[in-house]
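In: Dropping the sequence and predicted coords here.
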Amino acid sequence: EHYRRLFSDPSFLQAFKNTVIINVYNLIFGFSFNVFLALMINELQMRRLKSVVQTCVYLPYFLSWVIFAGLVQVFLQAPVPGDTGGMVNQVIVALGGEAIDFMKRPELFRGILVVTNIIKTAGYSTIIYLAAIAGIDPTLYEAAAIDGGNRKDMLLHITIPRILPSVAVMFLLNVSQLFLSNFDQVYNLYNNFVLSTGDVLSTYIYRISLGGSGTNFELSTAMNLVLNTMGLIVVLGANKFVEKLDVQGIF
């Protein structure tokens, strides 16, 4: 009975669709950006500049989503009578554009979630990749330099192949979250104007079990079972795919 109710509820189907779309975007753009960022930080030669960049990248990770979401809303705030709005809209207006109410535009909200997630979590991922890079034998780079290899050759043929195991593990961890969502992020950023594209499974579960729709714990428990089972199947499939690339998975 619970599963019939679940799959006949349009709100659940919309939340499921939003969750998958947002997490796929995070996987495509966020995961690849984190690898790219770690590689670029490693290529910086000036130690002071490298330290400044690393600090700027790591800092958002140590802020709670409540604080970070508040900062995002301040930066994206739309102009109101007597106020010029947030910094982003001030720049848009200064360049001759028209102010945008970002937080009330459903078509923009998924992009806001993806971008803020990248900014917030990039520091944690880059630490893992930089640690893997630090474990590479320096003699490999020295041998490549003697043979006439440039920095591009070393990056493509030494650095990237050597960090592939770490990349594979992080990829599997990201895939395991495909049917889950960051409740703290979405709950602190979304509103009734963006429910059509911003409502995700975690906020839907909250509403039916603890929020304004009552205490429907049976339905939320059934939903969690379905989602975790689907997540396990996806992880097992991704692990098999990674093993075929001759990289050790997590099982």
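Out: That came through, no problem. Source: prediction; values computed, not measured.

In: out of everything not next to it in sequence, what's closest to residue 78?
Out: residue 101 (3.8 Å; CB to CB, 6 or more residues apart in numbering). Using the backbone N, CA and C atoms, a C-beta is placed for each residue, glycine as well.

In: Next: residue 193.
Out: Nearest non-adjacent residue to residue 193 (CB to CB, 6+ apart): residue 104, at 4.1 Å.

In: For that neighbour, which residues are in contact?
Out: 78, 191, 193-194 (CB atoms under 8 Å, 6 or more residues apart in numbering).

In: The residue nearest to residue 78: neighbour count?
Out: Neighbourhood size, residue 101 [other CB atoms under 10 Å]: 15.

In: does it really touch residue 86, like I thought?
Out: No. If you go by CB atoms under 8 Å, residue 101 and residue 86 don't touch, sitting 10.4 Å apart.

In: Which stretches in the stretch 101-250 of the chain count as helices?
Out: Ranges of helices in the stretch 101-250 of the chain, per DSSP state H, counting those that start in this stretch, are 106-134, 138-146, 151-154, 160-175, 183-189, 195-198, 201-209, 217-244.

In: Mind putting those helices into CSV with distance to residue 26, mean neighbour count and mean pLDDT?
Out: Output for the helices of the stretch 101-250 of the chain, formatted as CSV (distance: least, CB to CB, whole Å; neighbours: other CB atoms under 10 Å; pLDDT from 0 to 100):
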stretch, distance to residue 26, mean neighbour count, mean pLDDT
helix 106-134, 6, 18, 91
helix 138-146, 33, 12, 91
helix 151-154, 29, 13, 88
helix 160-175, 7, 18, 86
helix 183-189, 11, 19, 90
helix 195-198, 14, 18, 89
helix 201-209, 14, 20, 83
helix 217-244, 14, 15, 81
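
In: And those helices: which comes nearest residue 18?
Out: The closest of the helices of the stretch 101-250 of the chain to residue 18 is helix 195-198. By CB to CB, the value is 6.0 Å.

In: For residue 58, which non-adjacent residue is closest in space?
Out: Nearest to residue 58 is residue 123, by CB to CB, 6+ apart, at 3.7 Å.

In: In contact with that neighbour, which residues?
Out: Neighbour list for residue 123: 57-61 [criterion: CB under 8 Å, 6+ apart].

In: before we move on, back to that, next, format the helices of the stretch 101-250 of the chain as JSON lines and append distance to residue 67.
Out: Rendered in JSON lines, the data for the helices of the stretch 101-250 of the chain read as follows (distance: least, CB to CB, whole Å):
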{"stretch": "helix 106-134", "distance to residue 67": "11"}
{"stretch": "helix 138-146", "distance to residue 67": "40"}
{"stretch": "helix 151-154", "distance to residue 67": "38"}
{"stretch": "helix 160-175", "distance to residue 67": "24"}
{"stretch": "helix 183-189", "distance to residue 67": "9"}
{"stretch": "helix 195-198", "distance to residue 67": "20"}
{"stretch": "helix 201-209", "distance to residue 67": "19"}
{"stretch": "helix 217-244", "distance to residue 67": "28"}
